[in-house]
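Novice: output the structure for:
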Amino acid sequence: MDKSPHSYLAFDGAEDFAREQGLEVVDNSYFITEENVGMLKLAKEANSILFDYRIPLAGADTCSAQAAAGGGHGSNGMSVDFCVKERLDEGFAGLIAVSGTGEVAYGFNCTGMFRGCATEDGFMEVGIWE
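Specialist: Modelled structure (predicted):
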């Protein structure tokens with residue numbers, strides 16, 4: 001991603017970018033594995049989506065890469081609030097940050113953000129709006 005201003009690419013734009021960078025583009029069938037077929041079968045049987053939570057989400061590290069901490073300030077002094085209000089495009093972004101010690105912080109600069117949190121000390125919160 002050193003050659004793109006984006007932290008996440010998808011669909012036709014991702015394939016176009018890959019071609020421009022000289023990468024081999026393969027047919028989608030290349031990505032169908034026995035494991036994926038099994039996961040799809042289980043999801044259909046359960047009538048719900050199953051997700052392997054060990055796999056990180058693309059783009060989920062955007063602000064922490066700038067050393068923001070979940071509980072306030074990171075190693076370079078940036079807070080979650082600063083990242084959301086000053087570093088991310090107004091009206092389009094939100095983040096949930098968890099520090100190495102389990103502290104949780106969130107912020108968003110749009111109308112609302114679906115979110116939920118449950119900590120070991122019993123704190124629970126679910127919200128959409130401010």
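Novice: how many neighbours does the closest residue to residue 118 other than its chain neighbours have?
Specialist: Nearest residue to residue 118, sequence neighbours excluded (C-beta to C-beta, 6 or more residues apart in numbering): residue 124, at 4.8 Å. For the C-beta atoms, the positions are set from N, CA and C on the backbone; glycine is no exception. Neighbour count for residue 124, taken as other C-beta atoms under 10 Å: 8.
Novice: ok, now the one 3 residues further on?
Specialist: Using other C-beta under 10 Å, residue 127 has 12 neighbouring residues.
Novice: try residue 107
Specialist: Using other C-beta under 10 Å, residue 107 has 20 other residues around it.
Novice: and the strands in the protein?
Specialist: Residue ranges of the strands in the chain, as given by DSSP state E, are 94-98, 104-108, 115-118, 124-127.
Novice: mean pLDDT added to these, as a markdown table?
Specialist: Formatted as a markdown table, the strands of the chain follow (pLDDT from 0 to 100):
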| stretch | mean pLDDT |
| --- | --- |
| strand 94-98 | 76 |
| strand 104-108 | 80 |
| strand 115-118 | 80 |
| strand 124-127 | 84 |
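Novice: reformat those as JSON lines; add distance to residue 10.
Specialist: JSON lines is the format used below for the strands of the chain (distance: least, C-beta to C-beta, whole Å):
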{"stretch": "strand 94-98", "distance to residue 10": "19"}
{"stretch": "strand 104-108", "distance to residue 10": "21"}
{"stretch": "strand 115-118", "distance to residue 10": "22"}
{"stretch": "strand 124-127", "distance to residue 10": "27"}
